[in-house]
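> Need coordinates for the below:
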Amino acid sequence: KDESVSRLHEVLEALSFPYEFVVIDCPPSLGFLTFNALRAAEFVIVPIDLGSFALMGVDKLLSMIELIRVKLSHTPKVFALETIVDNRTRFAKRMAEEIRSSFGEHVLSTVIRQSISIKESQAKGVSLIQMDPACRGAVDYSVLAQEIIGRVSSASETANGAGTNRISAPSANLLRDFAITAGEAKEVYLVGDFNNWAVTPESLLWQKEQGVWEKRLFLEPGRYRYKFL
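Residues are numbered from 1 along each chain as shown. Model (predicted):
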């Protein structure tokens, strides 16, 4: 029944607490609980493991979302998130192409790269940010959080109308990628006006294939001086 499917939606709508975000973590199965979560959600993030055939179950999820649209007149925004990414394999690259073919512009820019630190934090039951904030997994998830906030804020501004003055900080920032080739380097840091030229774990770049080091930042519009160390 529609009433039971919308139960979680009704509870969240009735909340009087000042929550800006409510994150609903769903099991991989597409059962009744997932249906309730999709009905309540405004944004849906579909993690797709590039190291497996996880794309095979995406069609079923999209069919469920389409059913919600038809039956309940609710259409959440759906985005794909590439996880366990290892661009050194041809299989992962082929999977990424299929994801972009299926989702088009609804693929998040951030990817979660393959990292042993993620598995270690799960095994220890410790937050990845607390265990090793400078590891590639922690950096990827931090950037992902910023991108999601930016997309949600942009969508909210669009819904509120172009004539309003409501502009939140994340949506006003610009996403910028920094990259340098330093094949023999063990560590590379990015410092500049935006971080007071401080060498910290947060300014550490992540290493990609063929000696390329990269970092992604959200910066306010303007001119900046920076350098790599």
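> Give me the local confidence score for residue 107.
Looking at residue 107, its pLDDT stands at 89.
> distance of the residue lying closest to it once chain neighbours are set aside from residue 4?
Once flanking residues are discounted, residue 107 sits nearest to residue 80: 4.8 Å by Cβ to Cβ, 6 or more residues apart in numbering. (C-beta placed from N, C-alpha, C; glycine too.) The gap separating residue 80 from residue 4 is 29 Å, by Cβ to Cβ, to the nearest Å.
> Mind checking which of those two has more residues around it?
residue 80 (21 against 10; other Cβ atoms under 10 Å).
> so what's that one up against?
45, 46, 48, 58, 99, 102, 103, 106, 107, 108 (Cβ atoms under 8 Å, 6 or more residues apart in numbering).
> follow-up on the earlier one: for the residue nearest to residue 107, name its beta-bridge partners.
Beta bridges link residue 80 to residue 46, residue 107, judged by DSSP bridges.
> rewinding a little: which of the contacts of residue 80 lies closest to residue 38?
residue 46 (10.8 Å; Cβ to Cβ).
> and residue 108, how many neighbours does it have?
Count around residue 108 with other Cβ under 10 Å applied: 19.
> quick one: the longest helix seen in the chain to chain centroid distance?
Across the chain, the longest stretch assigned as helix under DSSP state H is helix 136-160. Mean C-alpha position of helix 136-160 versus that of the full chain (Cα atoms, centre = their mean, to the nearest Å) differs by 7 Å.
> Would you mark the buried spots in it?
Within helix 136-160, the residues scored as buried using 16 or more other Cβ atoms under 10 Å are 136-144, 146-153, 157.
> Looking at stretch 90-104 now, give me its mean pLDDT.
Here the average pLDDT along stretch 90-104 is 80.
> Dump it to CSV, keeping only the CA atoms.
The C-alpha trace of stretch 90-104 is given here as CSV (Å, rounded to 0.1, in the frame of the first residue of the first chain):
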residue,chain,number,x,y,z
ARG,A,90,41.1,-2.3,-18.8
PHE,A,91,38.1,-3.8,-17.1
ALA,A,92,37.7,-0.8,-14.8
LYS,A,93,38.0,1.6,-17.7
ARG,A,94,35.4,-0.3,-19.7
MET,A,95,33.0,-0.3,-16.7
ALA,A,96,33.5,3.4,-16.3
GLU,A,97,32.5,3.9,-19.9
GLU,A,98,29.4,1.9,-19.4
ILE,A,99,28.4,3.8,-16.4
ARG,A,100,28.8,7.1,-18.2
SER,A,101,26.8,5.7,-21.1
SER,A,102,24.0,4.8,-18.7
PHE,A,103,23.9,7.8,-16.5
GLY,A,104,25.3,10.6,-18.7
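> Need the residues that contact it.
For stretch 90-104, the surrounding residues in contact (Cβ under 8 Å, 6+ apart) are 48, 50-51, 55, 58, 78-80, 82, 85-87, 107.
> what's the weakest-modelled helix or strand in the protein?
When the helices and strands of the chain are scored by mean pLDDT, DSSP states H and E, helix 169-172 comes last with a mean of 38.
> Next secondary structure element downstream of that helix?
strand 174-181 (DSSP states H and E).
> chain center to stretch 27-34, what's the gap?
The answer for stretch 27-34 is 21 Å, by Cα atoms, centre = their mean.
> ok, now stretch 31-40?
In terms of Cα atoms, centre = their mean, the centre of stretch 31-40 is set 21 Å apart from its chain centre.
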